[in-house]
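K.L.:
Sequence plus the predicted model coming up.
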Amino acid sequence: MSFSKSWLALVPALALGACGSTPQHAEMVSAAGPNAPNSASVDRSKCDDHGKTVVTADTNLDQKADVWKFFQTVDIGGQKTDVLTCKQVDLNHDGKVDIVYYYDDKGAQTTMEEFDLDFDGKFDLTVYYVGGKKVREELDTNYDQKPDVWKYYEDEKLVRIERDTNGDGKVDEWQYYEGGKLDRIGYDSTGSGKVDRWDRAPEGEDSEGAAAAPAGGAAAAPAAGTTPPAAGAGAGKTTPAAAGAKAAPAATAPAAAKPAPAATAPAATK
């Protein structure tokens, strides 16, 4: 799956405007198989305008809102304060939401982001954050509204990619990274949901090359008894490419938009 150049070119510096209504947006379905990870629980009420102040912007001056910011009034230290809970963006000005940002209870850090990469009104990429750091990505590479590639990060470094390469809802390929480089790949060739074959990564393979290695879907870690061989243990085979599989956009994921300057947010109520 590739990122549209037009999509990336549309990421602007967003300014706040007047209040207005908010559009409805799609959600990526979380239909995982027996060994696939479930999507994280997210409080979607953060993007519900009920009981919130909604501030909008018209970035292309076409008299239509294309940015929506949701503020919840909370009590902080005895003072009523408006806290940012959600931001929605229509990048290509077609009336559909293309990016959604969910914020923590303080409105300071992003907890989840959703992206519609091909502007079809359906989300194709979900990114999760903990403590402001990216911990997981879920991608829908065949655009069926079901994630088939899962990427895991530690200290924002890629450590594992899991794929569902045949679209049956089960993880059948596990890629492991050591020091930012692809180290080994496990395959489930029998449909059991467990690794039954291992390949070592080609010498010199890095995270960029890994994205083009066997592609497809992915899921949870291998079951007990399928621990991969230790890094550097023995020689292996050159990793075969999965037929018809698409490469997941590892390093090209769109950057999170920054919250608007504090001065443009609704004034805190004393």
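P.N.:
That came through fine. In this text, all values refer to a predicted model and were calculated from it rather than measured experimentally.
K.L.:
got the CA coordinates for the helix or strand hosting Val135 in CSV?
P.N.:
Applying DSSP states H and E as the criterion places Val135 in strand 133-139. Extracted C-alpha coordinates of strand 133-139, given in CSV (Å, rounded to 0.1, in the frame of the first residue of the first chain):
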residue,chain,number,x,y,z
LYS,A,133,5.1,7.4,22.1
LYS,A,134,3.8,5.3,19.2
VAL,A,135,3.3,1.7,20.3
ARG,A,136,1.3,0.1,17.5
GLU,A,137,0.0,0.5,14.0
GLU,A,138,-2.9,-1.3,12.3
LEU,A,139,-3.1,-1.2,8.5
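K.L.:
mind listing what it pairs with, with the direction of each?
P.N.:
Listed by DSSP bridges, the sheet partners of strand 133-139 and their directions read strand 125-130 (antiparallel), strand 149-154 (antiparallel).
K.L.:
Out of the ones you listed, which one sits most buried?
P.N.:
strand 149-154 (a mean of 22; mean count of other C-beta atoms under 10 Å). All C-beta spots, glycine's among them, are computed from the backbone N, C-alpha and C.
K.L.:
Name whatever forms a beta bridge with Tyr176.
P.N.:
When Tyr176 is checked against DSSP bridges, its beta-bridge partners turn out to be Arg160, Arg184.
K.L.:
Checking my notes, Ser45 in a helix, right?
P.N.:
Yes. Ser45: assigned to a helix according to DSSP: H, G, I helix; E, B strand; the rest coil.
K.L.:
show me where this structure has strands.
P.N.:
Using DSSP state E, the strands of the chain run over 53-57, 67-76, 79-89, 99-103, 110-115, 125-130, 133-139, 149-154, 157-163, 173-178, 181-187, 197-200.
K.L.:
Can you name every helix or strand that the third one contacts?
P.N.:
Strand 79-89 is packed against strand 67-76, strand 99-103, with contacts defined by 3 or more C-beta pairs under 8 Å, 6 or more residues apart in numbering; DSSP states H and E.
K.L.:
what does the fifth one give?
P.N.:
Applying 3+ C-beta pairs under 8 Å, 6+ apart, one finds that strand 110-115 contacts strand 99-103, strand 125-130.
K.L.:
With mean pLDDT and distance to Val149 as added columns, please give these in a markdown table.
P.N.:
Compiled in a markdown table, those are given as follows (pLDDT from 0 to 100; distance: least, C-beta to C-beta, whole Å):
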| stretch | mean pLDDT | distance to Val149 |
| --- | --- | --- |
| strand 99-103 | 97 | 19 |
| strand 125-130 | 96 | 10 |
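K.L.:
To Trp198, which of those lies closest?
P.N.:
Trp198 lies closest to strand 125-130 among those, at 28.1 Å (C-beta to C-beta).
K.L.:
hmm, who's touching the closest one?
P.N.:
28, 39-40, 109-115, 117, 134-140, 147, 249, 253, 256 (C-beta atoms under 8 Å, 6 or more residues apart in numbering).
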